[in-house]
Each structure stands twice: as structure tokens, then as C-alpha cells.
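1. sequence and predicted structure below; questions after.
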Amino acid sequence: MAKAGQHKCLNCGEFFDPDHRNQARQNYCSKAECRRASKAASQAAWLAKPENKDYFRDPSHVERVKAWRAAHPGYKRKRPKASLVLQDRLPAQPVDSIKETAIRDEMPAAVVLQDVLTPLNPMLVGLIAHLFELRLQDDIDQTTRRLVQLGFDILNRSHHEDHQNAAAP
């Protein structure tokens, strides 16, 4: 039994609550099959009107489509999916110990970002980019080099700490 304000779907025959903005004209429920039936009925009604009978067969429409296709060659052809990876994956390489340098920005050229951070850990690269508000890979590389050198400096100092600096005043 239908409640007040409900309509009977013309496709499946079940009662439904129409959308309040389209209550007077909604004749189909929101099921996928009923929406397809609504679209088909709407198109059939539009094509049944005499003024729409040859709407898309007019020579001007044929020319319009031909011109668009000529301006957009290969639109319908399947395109290869673009790779989301900006770099090829590199195998992880062990990092040799780096001697402490006077200027931390000058790391040996042999140590590059891919050698220090394996491509399997993009979270660390993303964290560095986020914390330092970096977007360019060269900037991320330079910052990573500084952080790695700082880490090596700290580790080397902890192993070779002289006793004068170790005592707190």
C-alpha cells in the first residue's frame, strides 16, 4: 500500500518517495535498471516528436562531426596509460661510512638520494618534503644529503666522543 506522496515506478511497479524538487514529474525510482528505463523512455519520447526525427541526420551536423574528428585525430583510439612513477626503481645499495666533513652540505658525490633512501620507502621522502615544504626533487635530494650527513656526524661523534665535551658543566 502506498503512503501519501509516494509514486509507483513505471518500470518495476514498486512504490517510492520521489525527490521533493521533482515530485510532480518523477515516474521512476532510483534503482539502476529503472534509471536506465527512464533514460530510454525519455529518449524515445524526444525522438518521437516530428521536429526531432532527423535532428542528427542534417548535413550540417554531419559536417560538424567530421570537422571535430579531423581536429581531434586519435580521440577514440586507446591510449597507453601513463606511468605514475617519475623514476625507475633502483636496487638498494649499501652506504659506506662517510667521514665527517667540515661543511655538512658537501657530501661525497658517490652518495645520492637513491643510494641512501631506497625507492621502496616513499614515505620518508614524502615526510622530508612535507616538513621542509619542498616540491622539487633536487631540493629534496639536497635536504636529504644534509640530514644524512648530520646523522653520520652524530653517530661518529657518539663513537669517538672526547671526554672533555662529554662532561656537563
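-> Done, it's in.

2. just give me the neighbour total for residue 9.
-> 20 (other C-beta atoms under 10 Å). Heads up, the C-betas are built off the backbone N, CA and C, glycines and all.

3. which residues of the chain fall in helices?
-> Counting by DSSP state H, the chain has helices at residues 32-48, 59-71, 113-116, 122-131, 137-159, 163-166.

4. domain boundaries for this structure, per the record?
-> Domain assignment of the chain by automatic domain parsing yields the ranges 7-71, 91-161+165-169.

5. make CSV out of the ones you listed and add mean pLDDT.
-> Output for those, formatted as CSV (pLDDT from 0 to 100):
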stretch, mean pLDDT
domain 7-71, 90
domain 91-161+165-169, 68
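
6. what's the most buried one of the helices of the chain?
-> helix 113-116 (a mean of 17; mean count of other C-beta atoms under 10 Å).

7. contact partners for the nearest residue to residue 8 once chain neighbours are set aside?
-> Leaving out its chain neighbours, the residue that sits closest to residue 8 by C-beta to C-beta, 6 or more residues apart in numbering is residue 15, at 5.6 Å. By C-beta atoms under 8 Å, 6 or more residues apart in numbering, the contact set of residue 15 is 2-3, 6-9.

8. equivalent analysis for residue 53, please.
-> residue 47.

9. which phi and psi does it have?
-> phi -60, psi -50 (degrees, to the nearest 10).

10. how close does the residue nearest to residue 8 get to residue 7?
-> Residue 15 sits 7 Å away from residue 7, going by C-beta to C-beta, to the nearest Å.

11. okay, the helices of the chain in JSON lines with distance to residue 23 next?
-> Shown next, in JSON lines, are the helices of the chain (distance: least, C-beta to C-beta, whole Å):
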{"stretch": "helix 32-48", "distance to residue 23": "15"}
{"stretch": "helix 59-71", "distance to residue 23": "36"}
{"stretch": "helix 113-116", "distance to residue 23": "61"}
{"stretch": "helix 122-131", "distance to residue 23": "49"}
{"stretch": "helix 137-159", "distance to residue 23": "56"}
{"stretch": "helix 163-166", "distance to residue 23": "81"}
